[in-house]
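Asker: Requesting a structural model of the entry that follows:
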Amino acid sequence: MARILIALLLLPLIGCTTTLNSTWVEPERVGKPIQKVLVVGIAESEGQRRVFEDLFCSRLAQAGPQAQPSYRVLAADKPPTRDNVDAALAGTDFDSVFVTSYVRTDREMVYTEPMSPYYAPGGYYWDRHYSWYYGAVTTPGYWSEVTTVILENNLYETATGRLIWSAESESFNPSSAEEIVRTLADQVLMELRAKRLLP
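Answerer: Residues are numbered from 1 along each chain as shown. You can find the predicted model right below:
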C-alpha cells in the first residue's frame, strides 16, 4: 500500500515530458545568436496556432531575443505559408523564423510488470494496546496507453532563407496543448543555448 500511495502521489508531478531527436545545426551559425524571431505554428486550427505562438513567444522572449507570433504579422486571411511569411517579413528587421509543424500522434499500449511481493506494516487495536503485523503485498501488472505527439521544429535565417537549426520533438502523455508548448520550449531553448544561438 505504501508503494502504491507514493506512485499515485507522483503521477501529477511527472506530467508531460518532451525530448528532441535528430537535432542539426548549420556549423557556420554556431555562436551567432538570433536577435528577432517570428514564431510560426502550423496547427489544425487557428486557435491551436495562436495558443502555440503566444506561449512559445513568451518563453523565447525570456531567453533574450525579441519574439513575435506570426498571427500578429500576417493578415487574418493569410495562412502561414512560406510565401505569405516571406512577403510579410519583407522590409522588416526580423532575422529569423521559427516554424513548428505537427507530424503525427502515436498511441501504444505498454504493459507494466507486476511488482514483486513486499511486506507492509499494519496494525490493529485490541484491549488498549496496538498489535503489529506484516502482511505480504503485491501489485498486479497492468496495461496503459502511452500517447506521443511528434512535431517538426525548424529555425530559418530570413536574409537567405536557409535552414540553420532543426529538430524533431516527441512529447509523451501530454494533458493539454499548453503543456506540450511549455515542455517543448524549454527543450528548444536549452538546445539553442548549447549551440550559442541565443543572445
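
Asker: Just give the nearest non-adjacent residue to Thr183, would you?
Answerer: Taking C-beta to C-beta, 6 or more residues apart in numbering as the measure, Thr183 lies nearest to Thr18, with 3.9 Å between them; neighbours along the chain are not counted. For every residue, glycine as well, the C-beta is placed using N, CA and C.

Asker: That neighbour and Glu179, how far apart?
Answerer: Using C-beta to C-beta, to the nearest Å, we find Thr18 at a distance of 9 Å from Glu179.

Asker: Common neighbours of the two, please.
Answerer: Jointly contacting Thr18 and Glu179 under the rule C-beta atoms under 8 Å, 6 or more residues apart in numbering are Ser171.

Asker: quick one, what contacts the residue nearest to Thr183?
Answerer: 169-172, 180, 183-184, 186-187.

Asker: List only those of those residues flagged as buried.
Answerer: Among the contacts of Thr18, those buried by neighbour count (16 or more other C-beta atoms under 10 Å) are 169-172, 180, 183-184, 187.

Asker: Put together JSON lines for those residues, with distance to Val97, secondary structure and pLDDT on each row.
Answerer: Formatted as JSON lines, the buried ones among the contacts of Thr18 follow (distance: C-beta to C-beta, whole Å; DSSP: H, G, I helix; E, B strand; the rest coil; pLDDT from 0 to 100):
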{"residue": "Ser169", "distance to Val97": "17", "secondary structure": "strand", "pLDDT": "95"}
{"residue": "Glu170", "distance to Val97": "23", "secondary structure": "strand", "pLDDT": "94"}
{"residue": "Ser171", "distance to Val97": "22", "secondary structure": "strand", "pLDDT": "93"}
{"residue": "Phe172", "distance to Val97": "27", "secondary structure": "strand", "pLDDT": "91"}
{"residue": "Ile180", "distance to Val97": "20", "secondary structure": "helix", "pLDDT": "92"}
{"residue": "Thr183", "distance to Val97": "22", "secondary structure": "helix", "pLDDT": "93"}
{"residue": "Leu184", "distance to Val97": "17", "secondary structure": "helix", "pLDDT": "95"}
{"residue": "Gln187", "distance to Val97": "19", "secondary structure": "helix", "pLDDT": "95"}
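
Asker: Closest to Arg50 out of the residues you listed?
Answerer: Taking C-beta to C-beta as the measure, Arg50 lies nearest Ile180 of the buried ones among the contacts of Thr18, at 14.5 Å.

Asker: Gly41 is in contact with that closest one, correct?
Answerer: No: counting by C-beta atoms under 8 Å, Ile180 does not reach Gly41; the two are 10.9 Å apart.

Asker: Give me the neighbour count for Ile150.
Answerer: For Ile150, the neighbour count with other C-beta atoms under 10 Å is 14.

Asker: Make 488 the first number, not 1, from now on.
Answerer: Shifting the count to begin at 488 puts that one at Ile637.

Asker: thinking again about what came up before, now do the residue nearest to Thr670 against Glu678, distance only.
Answerer: Here the criterion is C-beta to C-beta. By it, Thr505 lies 11 Å from Glu678.
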